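Chemist: no sequence for this one, just the structure:
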């Protein structure tokens, strides 16, 4: 008699816990959802060949910059514009990256900008890029799925996009997210 | 004494500010010329199904973001070139991902998104009907012979508490 009533209460206590468990599960899921930034849309281009482009150089009008230069070494393609505050914010870090990693080809992709403004920014803050492709009309930015600046792509020596970072690159982002990818695809010097 | 602006003057500034700062160049769909009304409606219908990735709760049809205008122009260009709606959507999804679509496509990774609510609803319905069914089927557990006797004893004792189960 006694044992039976105990097992009955145990069972109903368990049953009473079910809504709580479901609630906690939902809460955990939603809490995880809160951590995600909806502005960071994953790029479908990861693992795919970088879209081709052929644009004028920002610094030397008339000279063509094309996606051919992506082949042969790991590149960091940084989408930037002088009107974008986050680009100014990350500029210092890009300078450091370019200085400390001569193996990495840092390419600028000047996006929806004007030439005088863009050049002024480079004069003011320094130029981390081996070259900047000038795309004022979003002709090729569109093919790269660019929807804001800054965005940073890592392209391996075979021209395959390996990583995309949306938003400014700071030291933490570089060390924890981008650098491991760069090192993974950079051939070891032997 | 502190110099303060008369509230009326402040209000005047506010009004001038609000009127003066209105969008100086608003993007409209009027610049996109089509030969027939039907073509325009097809274009409009298509860009209403596409999301502006900058202002994510706006469609390409309504967004004033620069990138949205670029994409409208691109969609217009593709339409003028005679590309089908499906080809245009594929072009955009290849570059921007499924997120560019307001309605997520049905595929393995989105199954739970599409059917999750129905699974939940079914589960909740099952619980509801089971609970209701049980309530009507078996009313209260009947007292056993021993319990009945004890109840009689308790009633006869006139409210004296007896917790020991003897």
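Modeler: Noted; the coordinates are in hand. Keep in mind that this is a model prediction, so the values were computed, not measured.
Chemist: Tally up the residues packed near residue B:123, please.
Modeler: 11 (other CB atoms under 10 Å in any protein chain shown). (C-beta placed from N, C-alpha, C; glycine too.)
Chemist: need the contact list for residue B:42.
Modeler: Counting by CB atoms under 8 Å, 6 or more residues apart in numbering or on different chains, residue B:42 touches B:79, B:85.
Chemist: List phi and psi for it.
Modeler: phi -60, psi -40 (degrees, to the nearest 10).
Chemist: Pull the contacting residues for residue A:155.
Modeler: A:50, A:70, A:74, A:75, A:76, A:77, A:161, A:162.
Chemist: From the residues you listed, which land in strands?
Modeler: Mapping the contacts of residue A:155 onto strands (DSSP state E) picks out A:75, A:76, A:77, A:161, A:162.
Chemist: before we move on, back to that, now distance to chain B and neighbour count too, for the contacts of residue A:155, in JSON lines please.
Modeler: Output for the contacts of residue A:155, formatted as JSON lines (distance: CB to the nearest CB, whole Å; neighbours: other CB atoms under 10 Å in any protein chain shown):
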{"residue": "A:50", "distance to chain B": "12", "neighbour count": "21"}
{"residue": "A:70", "distance to chain B": "17", "neighbour count": "24"}
{"residue": "A:74", "distance to chain B": "22", "neighbour count": "22"}
{"residue": "A:75", "distance to chain B": "19", "neighbour count": "25"}
{"residue": "A:76", "distance to chain B": "20", "neighbour count": "26"}
{"residue": "A:77", "distance to chain B": "15", "neighbour count": "23"}
{"residue": "A:161", "distance to chain B": "12", "neighbour count": "23"}
{"residue": "A:162", "distance to chain B": "17", "neighbour count": "18"}
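Chemist: Pull up the residues of chain B that are close to chain A.
Modeler: Residues of chain B lying close to chain A by CB under 8 Å from any CB of the partner chain are B:53-54, B:56, B:66-67, B:70-71, B:74, B:93-99, B:165.
Chemist: which stretches of chain A form helices?
Modeler: A:2-35, A:85-100, A:115-125, A:171-173, A:179-185 (DSSP state H).
Chemist: need the ones you listed in a markdown table with mean pLDDT, can you?
Modeler: Shown next, in a markdown table, are those (pLDDT from 0 to 100):
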| stretch | mean pLDDT |
| --- | --- |
| helix A:2-35 | 81 |
| helix A:85-100 | 95 |
| helix A:115-125 | 95 |
| helix A:171-173 | 95 |
| helix A:179-185 | 94 |
